[in-house]
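A.B. asks: I'll drop the sequence and a predicted model, then ask my questions.
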Amino acid sequence: SQIKNLHVLSSMVRKLRIQFPIDKETPLDLAIALVQSPKKIDVSMAASLPYVISAINACKSAQDEIIKCSDSTILAEKIETRDRLRRDLYDKLNTTLQELNQVPLQDRGKQVQEIVTALTTHYDTFTRIPIPSIPPIDSLIPTFEEWKSNKRGEVIEA
């Protein structure tokens, strides 16, 4: 009976050590590191984007003015203003595109895809468990790290 209990306990410890290896990072650790990485890609990487949005709004306003205009003498001036604003928008779009071309989107996409594949491989069965409400990631990460630390202690002590 004691040998059977010892075998059951050692099997549980072995499973815990496989599931939560102490000496290497898990796919979940890698995913968290990727999400928290300072190399995240976001709209702030295109510093000129707000200028593009402003230029788009200016073009729309100019077009609205043209539509509302009934005076043919003022209309030519409004069309000229709109065309100038369009050229300005074109220049701003080019600047933004140049900025975005410097962003390593393909590299980041490849990293994300690799992490998703690893997460799916290791944790796919857990993704099928229905969860009534998913808490925000900002609160999940510290909770997970605390839980993992506790589990690491259990594995070491076992």
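C.D. replies: Here it is on my side, so go on. Residues are numbered from 1 along each chain as shown.

A.B. asks: make it CA atoms for all contacts and neighbour counts henceforth
C.D. replies: Fine.

A.B. asks: counting contacts, what elements does the helix or strand hosting residue 17 pack onto?
C.D. replies: Using DSSP states H and E, residue 17 falls within helix 2-19. Counting by 3 or more CA pairs under 8 Å, 6 or more residues apart in numbering; DSSP states H and E, the packing neighbours recorded for helix 2-19 are helix 137-157.

A.B. asks: residue contacts, residue 28?
C.D. replies: Going by CA atoms under 8 Å, 6 or more residues apart in numbering, residue 28 touches residue 119.

A.B. asks: what residues does the helix or strand where residue 61 lies touch?
C.D. replies: Take DSSP H and E as the rule and residue 61 turns out to sit in helix 49-68. Outside of helix 49-68, the residues within contact range by CA under 8 Å, 6+ apart are 43, 75, 78-79, 81-82, 85-86, 88-89, 92-93, 96.

A.B. asks: to the chain's geometric centre, what's the distance from the helix or strand just after it?
C.D. replies: Counting by DSSP H and E, the next helix or strand C-terminal to helix 49-68 is helix 72-101. Offset of helix 72-101 from its chain centre (CA atoms, centre = their mean, to the nearest Å): 32 Å.

A.B. asks: hey, what's the angle from helix 72-101 to helix 49-68? Just curious.
C.D. replies: 160 degrees (axes from the mean of the first three to the mean of the last three CA atoms, to 10 degrees).

A.B. asks: residues of the next helix or strand after helix 72-101 that come out buried?
C.D. replies: The helix or strand immediately downstream of helix 72-101 is helix 105-127, counting by DSSP H and E. For helix 105-127, a neighbour-count test (16 or more other CA atoms under 10 Å) marks 115, 118, 119 as buried.

A.B. asks: now stretch 60-71
C.D. replies: 62, 63, 66.

A.B. asks: and if you look at stretch 1-19?
C.D. replies: Neighbour-count burial for stretch 1-19 [16+ other CA under 10 Å]: 13, 16, 17.
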